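Colleague: take a look and give me a structure for this.
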Amino acid sequence: MVLPGDLRNGDLWTAFGERFGIKRGPAEKTETRLYDSFAWSLWFADRALLQQESILKLVDLSGGWLGKVEHSCGLDGPVPRFAEEFEASAMRRVLLSNLNLRALQPVAGFTCSEQVVALLDGHRKTVFRLALLQLFPNARSRKPILRLVQPRPLRGYDVAAAEAMGVLRLAGAVAADRSPLVQLLSSTRPEGTVVFGDCPTEHTLRPAFGLSPDQPAREACQLIINRMLAIARVVEPGIIRDIDTEFLHDYRICLRKVRSILSLVKGIYPPGETDRLRQQLKELARKTNLLRDLDVYLMARPTYAAMLSADLQDGLDGLFEHFADARARELKAVVRHLKSASYRKQITALQQFFGDPDHAGEAPNAEKPLASLVSARLRKAYRLIQRQQAKLNAGTPDAEVHALRIHCKKLRYLLEIFSEIYPAGTIEGLVKPLKKLQGQLGNFNDYAVQHQSLLEHADACAREGRENKDLYMAVGGLVATLDLKRRKERKRVEASLKGFCSDRVAAHIKTLSQSP
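Modeller: Now for the predicted structure:
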């Protein structure tokens, strides 16, 4: 139960003293820090990672006073940043499933004071217990920011329990159906918050936009573009601070989605403006290409090691030292870029352009209903995939297979970005096989690109003085394995493409494009 802010503890004890004797235990204080990712990945899975002195507790927020403890472990040093760094296997497994590649950060800190109070009858026998929980911003503070009471009734003393609960209600206590942590971090928490950042807010690259089928196309697209650019700006500090690799990944996806909208929903801006905007966005993304490539390589080390026999794995050391050094240099370049006045001017100008609905000038499709343009583009995007699949054979160059990946990506963006204008549940049957196909095409492309790229990086290692027999043997083993994987993945791609270009899927596309 939550106590009103203006009720003093002494007044509460006085109220109880009119009916019961009171025996108060000592107030035990515990310093607590809450850890989560930027995306509050644990929080939105009803979990919290708490550090209390040298103990870490992973708790289920749906039950218990401070949550039901699922796993706990000792802590010898700082809290690990990533899930895979946790030694306790049970905790590591749960964290991996929720955090994925996200880093842990301290998101809140407070001092928790818990005092157990016994209520006594006329014979000095305990008939009811309660725990007073007070949360302070820090150990020095004397004013709690949240005060709660946890009733602990005793079996056989129902009358005393009813009287005690009546006293609490008369004092203004109200039921708390959520954990104190949820109370503390809720959007209505009191002033004096101890949260280091914002309230828990779910981070998503697929937010709801509130689109409608008959909405003017430019108005709808500007709404989406503004939101994507805002998300890109939000993740910039995470890139600069190098918190985890997902910040850059999210930033690039936001820019890519904006570019895709400009190319998929044509005619909502004058042609010259569209080309200028797409070129600007392409250049912004290009600035981060190498850093993202190096991130992918560094994350792939376990995968590469698994491709090699044990006697070849030592050769990876020099190669990954090269990747790490190159990444450190490239990160500095990207940070300089994001902090530069020219970048701030450019990204601000883009936001201002898309924020002003009247700034862009007239265009043939600006005022047309969104659904008509999207549905026409949906049919066209699918027909492109059908035509490419029909021409596919054993002699088709890899570059043309890669072009199929681009077409599939555009179709998926159309389905996902504009899903709100279609009846609920109608796009899932397309998105699921499309994601599978995209994954296979992505693997195929990665195997082909990495085959050549690894040879180039091996040459770079030689120029840096890192070359040795083991490194070249390891790279040779990787190149051979990647080529084999590329050929196998191509067969999977051809089979999946054939299924996706079936009459059943074509009929689904036709029905969907007529449904808004």
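
Colleague: and the helix or strand residue 298 falls within, what does it pack against?
Modeller: Using DSSP states H and E, residue 298 maps to helix 289-299. In terms of contacts (3 or more CB pairs under 8 Å, 6 or more residues apart in numbering; DSSP states H and E), helix 289-299 is packed against helix 246-264, helix 316-339. Placement of C-beta: from N, CA and C, glycine included.

Colleague: check which element follows the longest one along the chain.
Modeller: Taking DSSP H and E as the definition, the helix or strand that follows helix 316-339 towards the C-terminus is helix 341-355.

Colleague: now that following helix, how far from the chain's geometric center?
Modeller: What separates the centre of helix 341-355 from the centre of its chain is 25 Å, taken as CA atoms, centre = their mean, to the nearest Å.

Colleague: again, but for stretch 361-369
Modeller: 35 Å.

Colleague: mind checking the end-to-end distance for that stretch?
Modeller: 18 Å (CA to CA, to the nearest Å).

Colleague: give the buried residues for it.
Modeller: 363, 365-366, 368-369 (16 or more other CB atoms under 10 Å).

Colleague: and the contacts of it?
Modeller: Stretch 361-369 is contacted from outside by 213-218, 265-270, 273, 360, 373, using CB atoms under 8 Å, 6 or more residues apart in numbering.

Colleague: where's residue 430, which helix or strand?
Modeller: Per DSSP H and E, residue 430 falls inside helix 428-463.

Colleague: my error: substitute residue 472 in the last question.
Modeller: Per DSSP H and E: helix 469-500 holds residue 472.

Colleague: do residue 114 as well
Modeller: Going by DSSP H and E, residue 114 is in strand 105-120.

Colleague: whichever helix or strand comes after that strand pairs with which strands, and in what direction?
Modeller: As assigned by DSSP H and E, the chain's next helix or strand after strand 105-120 is strand 126-136. Strand 126-136 has its sheet partners listed here by DSSP bridges as strand 105-120 (antiparallel), strand 146-153 (antiparallel).

Colleague: ok, and what's touching the helix holding residue 298?
Modeller: By CB under 8 Å, 6+ apart, helix 289-299 touches 101, 245, 248-249, 252, 320, 323-324, 326-327, 330-331, 333-334, 453, 457.

Colleague: about what we covered before: list the buried residues in the helix holding residue 472.
Modeller: Neighbour counts using 16+ other CB under 10 Å place 470-472, 474-479, 481-482, 485-486, 489-490, 492-494, 496-497, 500 of helix 469-500 among the buried residues.

Colleague: and for the closest residue to residue 505 other than its chain neighbours, the neighbour number?
Modeller: Spatially, and ignoring its direct neighbours in sequence, residue 505 is nearest to residue 430 (7.0 Å; CB to CB, 6 or more residues apart in numbering). Neighbourhood size, residue 430 [other CB atoms under 10 Å]: 19.

Colleague: quick check: residue 430 vs residue 444, distance?
Modeller: 21 Å (CB to CB, to the nearest Å).

Colleague: and if you look at residue 262?
Modeller: The gap separating residue 262 from residue 444 is 27 Å, by CB to CB.

Colleague: which one's more surrounded, those two?
Modeller: Neighbour count, other CB under 10 Å: between residue 262 and residue 444, residue 444 has more, with 24 against 19.

Colleague: so who does that one touch?
Modeller: Residue 444 sits next to 398, 401-402, 405, 486, 489-490, 493 when contact means CB under 8 Å, 6+ apart.

Colleague: gap between it and residue 496?
Modeller: 11 Å.

Colleague: check residue 394 too.
Modeller: 17 Å.

Colleague: about what we covered before: of the contacts of helix 289-299, buried ones?
Modeller: Using 16+ other CB under 10 Å, the buried members of the contacts of helix 289-299 are 245, 248-249, 252, 320, 323, 326-327, 330-331, 334, 457.

Colleague: between the residues you listed, which sits nearest residue 421?
Modeller: Within the buried ones among the contacts of helix 289-299, proximity to residue 421 (CB to CB) peaks at residue 252, which comes in at 25.9 Å.

Colleague: the closest one touches residue 287, doesn't it?
Modeller: No. Residue 252 is beyond contact range of residue 287, at 10.2 Å (criterion: CB atoms under 8 Å).

Colleague: returning to what we had before: make JSON lines out of the contacts of residue 444 and add distance to residue 42 and pLDDT.
Modeller: Listed next are those as JSON lines, based on distance: CB to CB, whole Å; pLDDT from 0 to 100:
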{"residue": "398", "distance to residue 42": "41", "pLDDT": "83"}
{"residue": "401", "distance to residue 42": "40", "pLDDT": "86"}
{"residue": "402", "distance to residue 42": "38", "pLDDT": "84"}
{"residue": "405", "distance to residue 42": "34", "pLDDT": "89"}
{"residue": "486", "distance to residue 42": "38", "pLDDT": "92"}
{"residue": "489", "distance to residue 42": "34", "pLDDT": "93"}
{"residue": "490", "distance to residue 42": "39", "pLDDT": "91"}
{"residue": "493", "distance to residue 42": "36", "pLDDT": "92"}
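
Colleague: and the two most separated of these?
Modeller: 405 and 486, at 13.4 Å, using CB to CB across the contacts of residue 444.

Colleague: what comes up buried for stretch 291-308?
Modeller: Of the residues in stretch 291-308, those buried by neighbour count under the rule 16+ other CB under 10 Å are 291-295, 297, 300, 304, 307-308.

Colleague: export the residues you listed to TSV and append columns for pLDDT and distance to residue 174.
Modeller: Converted to TSV, the buried residues of stretch 291-308 look like this (pLDDT from 0 to 100; distance: CB to CB, whole Å):
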residue	pLDDT	distance to residue 174
291	97	51
292	97	50
293	95	55
294	96	54
295	97	49
297	95	55
300	93	53
304	93	57
307	93	60
308	92	62
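
Colleague: in stretch 230-239, what's buried?
Modeller: 231-232, 234-236, 238-239.

Colleague: residue 505: which of the strands paired with strand 126-136 is closest?
Modeller: Among the strands paired with strand 126-136, strand 105-120 comes nearest to residue 505, with 43.0 Å by CB to CB.

Colleague: what residue ranges in the stretch 401-516 of the chain are flagged as low confidence?
Modeller: Within the stretch 401-516 of the chain, the ranges that satisfy pLDDT under 70 run 467.

Colleague: and if you look at the chain?
Modeller: Those would be 63-66, 177-179, 183, 186-199, 357, 359, 467, if you go by pLDDT under 70 across the chain.

Colleague: show me the helices in the stretch 151-300 of the chain, by range?
Modeller: 158-170, 180-185, 217-241, 246-264, 271-286, 289-299 (DSSP state H, counting those that start in this stretch).

Colleague: now for the ones you listed, which one comes closest to residue 33?
Modeller: helix 180-185 (11.7 Å).

Colleague: helices and strands around that closest one, which ones?
Modeller: strand 105-120, strand 126-136, strand 146-153.

Colleague: nothing else from me, thank you.
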